[in-house]
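J.: Fold the following, please.
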Amino acid sequence: MVDPVQDSVSPAESSRVIRSGGPNAAVNAPQFAPRPVQHPRLSLQRRAPSTLRRHLVRAVGRFAVLLTADLAAFAVLRELYRSVGEGALLGAWISHTVQQLLPAGYLDGWQYALALVLGLIVTGNYGAGDRRRDAARLFWGCALATALPLWAPLWDRGLGLVAAQYSVTTVVVWLGLVVIRFAVDAVDARMVNRTPGSSRTILIGPARECADLASRSAFAPRGEHVALGFVDTTATPSPTALGGLDDLSALIHRHLVESVVICGHLSDAELRDVVEQSITAGCHVFSVPRTFEVAGVQPSVVWKRGQPLVELTAQTLKAQQFAIKRVVDVVGATLGLVSLAPLLLVLAAIIKSDSPGPAIFRHRRIGTGGRPFMMLKFRTMVDGADALRPSLAHLNHTGDPRLFKIPNDPRISRVGRWLRRWSLDELPQLWNVLKGEMSLVGPRPFPQSDFMEYQVHHFARLGAKPGITGLWQVSGRSGIVDFEEVVALDTKYVREWSVLRDLKLLLQTIPVVIRRNGAV
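T.: Model prediction:
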């Protein structure tokens, strides 16, 4: 495994390589031994999880630092409030006034601290880029936090006094947070060497535009991005470039790239190719503002130290969202396995008594990033049914070996037909979910043998863990006999994923199973 710190390039060196137009700059560029790659798209798919983990670690670290700083600011304000209220700091008159506006116990307890954190989360003050530096956004977070504990006093003390209390508290806490946030940035800029924790970034565009962007504060030393170099989009690439657009896949893999920034004009086809390759590898994709339209991404402007960048990353590539999905999967799978344990044992015993062979069937499937895993199911066919598949290929009514379906399949056992009708054969996959190989909701897991027939656009469905249920399952299940339609449904799910959508699909699965829609 390559050590990302040893493999990294210092901001000063990378900036010099990008900006220099002389032949010596190419010598200064880091040299990497090429890695054997069987399939460029598969290589990018398998890189995505590690890239996403780094994005998640960076996001968690940012949240932890800001949360600690905010609570520290509140603790300081709390002590100041105590000192002033007791008359020890500014005298009796000021103490009396403070006690009238802010009654005892208001800032004295940690209830307001919880309300403050919730208010800052709701208003997006723990987001990436310049969100944490936005004084107006901080003000609205403080305003919301101050309003939460004042609902009950509004009826006891009257609107006028509560309004004054609300205004004073909001302004005081807001000033404290603004000071502490800018202090964090000052310490970060002067004392902390961020390079190992910065996002490994390559720029895409003409040499001059890349050099101009690299000179700005967003890519300065100790910044959020460390520029490894640039990919030249001109017909005659600069000798200082890492390569051309055709080399992008290999460059992402070789340099462990985590972010891609587009700073020059690309044709629609080139832009689509850059975005698809970068998203496949789990990279964050940004663009200097321009007019564009790419399917499957949700453009949003992100400010980084005054530099506007348009983020083109698909919604499903947000590492924080994957973390939320994983928590839901672990909780759901654990509850399912514990509550259904008696049923699982009974079904296993019935299968064993019905026909010889193991109760659990293990089949090699393709998971997220193209990694194979052994999917578990209750056995619904005679033992050794896979060996009979070639001799029954002529009965496949879909005409596509990737959707192998035979009406009244002679290999299915009596109990197996009943298990399939009620989708009970899928229950052991809760163990796959708990292990992290599958999700409760996701694309359909295809056999590894089908993987060799994939075309380029089929790889998009590998951007999420396969699910026990999903958009395909609630849209007709075995009634869909077109492989491209299945891929389109899976790709749509990956691109439009959200927690609420997962919950909706889980709820839609229940009536589908009860009505046995499309069951084999």
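
J.: check contacts around Ile350.
T.: Ile350 is in contact with Val415, counting by CB atoms under 8 Å, 6 or more residues apart in numbering. C-betas here are computed from N, CA, C, even on glycine.

J.: quick one: Ser198 from Ala218, how far?
T.: Applying CB to CB, to the nearest Å, the value for Ser198 to Ala218 is 11 Å.

J.: in the stretch 351-500 of the chain, which spans are strands?
T.: 360-366, 372-378, 439-441, 467-469 (DSSP state E, counting those that start in this stretch).

J.: any idea of the mean pLDDT for the second one?
T.: By that I understand strand 372-378. Regarding strand 372-378, the rounded mean pLDDT is 92.

J.: CA atoms of that strand as CSV?
T.: Presented in CSV, the C-alpha positions along strand 372-378 are these (Å, rounded to 0.1, in the frame of the first residue of the first chain):
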residue,chain,number,x,y,z
PRO,A,372,-16.9,-9.4,-5.2
PHE,A,373,-18.6,-10.9,-2.1
MET,A,374,-20.5,-14.0,-1.2
MET,A,375,-24.2,-13.1,-1.0
LEU,A,376,-26.3,-15.3,1.3
LYS,A,377,-29.8,-16.6,0.5
PHE,A,378,-32.0,-19.4,1.7
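
J.: who touches it?
T.: With CB under 8 Å, 6+ apart, strand 372-378 has contacts from 347-348, 351, 359-367, 416, 419, 424-429, 431-432, 437-438, 445, 448, 466.

J.: Please, a ChimeraX command that selects the buried ones among those residues?
T.: Selection of the buried residues among the contacts of strand 372-378 in ChimeraX, burial being defined by 16 or more other CB atoms under 10 Å:
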select :347,348,351,359,361,365,366,367,416,419,424,425,426,427,428,429,431,432,437,438,445,466
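
J.: Filter the contacts of strand 372-378 down to the ones in helices?
T.: Leu347, Ala348, Ile351, Gly416, Leu419, Gln429, Trp431, Asn432, Gln448 (DSSP state H).

J.: Would you list the phi and psi of the closest residue to the third one other than its chain neighbours?
T.: If the residues on either side of it in the chain are set aside, Ile351 comes closest to Ala359, at 4.5 Å by CB to CB, 6 or more residues apart in numbering. Note on Ala359: its backbone torsions stand at phi -80, psi -30 [degrees, to the nearest 10].

J.: ok, Ala359 - contacts?
T.: Leu347, Ala348, Ala349, Ile351, Lys352, Phe378, Arg379.

J.: cutoff 10 Å now
T.: Counting by CB atoms under 10 Å, 6 or more residues apart in numbering, Ala359 makes contact with Leu344, Leu345, Leu347, Ala348, Ala349, Ile350, Ile351, Lys352, Ser353, Phe378, Arg379, Pro428.

J.: before we move on, what about Leu345?
T.: Ala359.

J.: do Ser287 as well
T.: 204-205, 260-264, 266, 271, 274-275, 294, 297, 299, 301, 308-312.

J.: What's the ChimeraX syntax to select whichever of the residues you listed are buried?
T.: Of those, the buried ones go into a single ChimeraX selection, burial set by 16+ other CB under 10 Å:
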select :204,205,260,261,262,263,264,266,271,274,275,294,297,309,310,311,312
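
J.: can you tell me which of the contacts of Ser287 are in helices?
T.: Among the contacts of Ser287, the ones falling in helices (DSSP H) are Leu271, Val274, Val275.

J.: which of those residues lies closest to His255?
T.: Val274 (15.3 Å; CB to CB).

J.: Model confidence for that closest one, exactly?
T.: 89.

J.: Am I right that it is in contact with Leu251?
T.: No - contact criterion CB atoms under 10 Å: Val274 and Leu251 do not qualify, at 11.3 Å.

J.: Residues that sit against both of the two, list them.
T.: Ile204, Val231, Leu245, Val260.

J.: least trustworthy helix or strand in this protein by mean pLDDT?
T.: helix 24-28 (a mean of 38; mean pLDDT, DSSP states H and E).

J.: mind checking the SS state of the closest residue in space to Ile180 that isn't next to it in sequence?
T.: Excluding the flanking residues, the one nearest Ile180 by CB to CB, 6+ apart is Ala73, at 4.0 Å. What DSSP: H, G, I helix; E, B strand; the rest coil gives for Ala73 is helix.

J.: My read is that Trp431 contacts Ala341, right?
T.: No - contact criterion CB under 10 Å: Trp431 and Ala341 do not qualify, at 11.4 Å.

J.: what about Thr509, how many neighbours?
T.: 19 (other CB atoms under 10 Å).

J.: and the gap between it and Ile202?
T.: 42 Å.

J.: For Val226, give me phi and psi.
T.: phi -120, psi 120.

J.: Next, count neighbours for it.
T.: For Val226, using other CB under 10 Å, the count is 25.

J.: Once you drop chain neighbours, what's closest to it?
T.: Nearest to Val226 is Ser198, by CB to CB, 6+ apart, at 4.3 Å.

J.: tally of neighbours for that neighbour?
T.: Neighbours of Ser198 using other CB under 10 Å come to 21.

J.: I'd guessed it sits against Arg58; true?
T.: Yes - at 8.6 Å, Ser198 counts as touching Arg58 under the criterion of CB under 10 Å.

J.: which residues do the two both contact?
T.: With CB under 10 Å, 6+ apart as the test, Ser198 and Arg58 both reach Glu224, Glu258.

J.: related to what we said a few turns ago, can you check the pLDDT for the residue nearest to Ile351?
T.: Looking at Ala359, the pLDDT reads 91.

J.: With Phe219 instead?
T.: Reported pLDDT at Phe219 in the predicted model: 79.

J.: Neighbours of it, how many?
T.: Neighbours of Phe219 (other CB under 10 Å): 24.

J.: quick one: stretch 332-351 to chain centroid distance?
T.: 31 Å (CA atoms, centre = their mean, to the nearest Å).
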